[in-house]
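[1] no sequence for this one, just the structure:
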């Protein structure tokens, strides 16, 4: 298991390996973030499997020092616990209530996601957001610039990151089995 180092920010994405989940947008955002901030100790960990992801792995292999493709996982909670921030820049037309968001929140990991389906309600923590909701570009895909800027804020502002982490725990309460049964 890879550790979650204190001096490194780990962004992670766990999802089905379809392009609509925003895989390439996450990759492009972290590449831009790294270009603008060479000294940042950041990493993007990607968990999913498909021919599409194999193509992305080949296409972006020159960035393998900070973009890591792990393939599918049968233990999402275990890998999510290593993340500093979870990503789901989805633009899947039929996105409704992605379990990935619940897994991120269960691990007290704040989330950067798009405004699809029930995601805004899932991230609601008593009127605050357990992360950030980003917009779409003119093609209807997750906005890479907005994603990169939001990722940058998580990297640069430790207080902001801590606040959003606490809100993630609060947002998860609505999925707690005791509250769900009620």
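    Structure's in. What do you need? Given the structure is predicted, the values throughout are model-derived calculations rather than measurements. Numbers count the residues shown, from 1 in each chain.
[2] what separates stretch 161-180 from the chain centre, distance-wise?
    Mean C-alpha position of stretch 161-180 versus that of the full chain (CA atoms, centre = their mean, to the nearest Å) differs by 16 Å.
[3] Buried residues, that stretch. List them.
    Using 16 or more other CB atoms under 10 Å as the test for burial, stretch 161-180 gives 161, 164, 165, 167, 168, 169, 171, 172. No exception for glycine: its C-beta is placed from N, CA and C like everyone else's.
[4] could those residues go into a markdown table alongside secondary structure and distance to residue 18?
    Below are the buried residues of stretch 161-180 laid out as a markdown table (DSSP: H, G, I helix; E, B strand; the rest coil; distance: CB to CB, whole Å):
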| residue | secondary structure | distance to residue 18 |
| --- | --- | --- |
| 161 | helix | 29 |
| 164 | helix | 27 |
| 165 | helix | 28 |
| 167 | helix | 29 |
| 168 | helix | 25 |
| 169 | helix | 29 |
| 171 | helix | 25 |
| 172 | helix | 26 |
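[5] average pLDDT for stretch 55-70?
    Regarding stretch 55-70, the rounded mean pLDDT is 97.
[6] same deal with stretch 88-97?
    Mean pLDDT, stretch 88-97: 94.
[7] Any stretches of this protein with poor pLDDT?
    1-6, 177-182 (pLDDT under 70).
[8] where do the strands sit along it?
    9-14, 42-47, 67-69, 85-88, 111-114, 124-125, 128-129, 131-134 (DSSP state E).
[9] Leaving out chain neighbours, which residue sits closest to residue 136?
    Distance criterion CB to CB, 6 or more residues apart in numbering; nearest residue to residue 136, sequence neighbours excluded, is residue 143 at 5.9 Å.
[10] My error: substitute residue 13 in the last question.
    Nearest to residue 13 is residue 87, by CB to CB, 6+ apart, at 4.5 Å.
[11] what do you get for residue 133?
    residue 115 (5.1 Å).
[12] Could you check how far the one you found is from residue 143?
    Distance, residue 115 to residue 143, using CB to CB, to the nearest Å: 11 Å.
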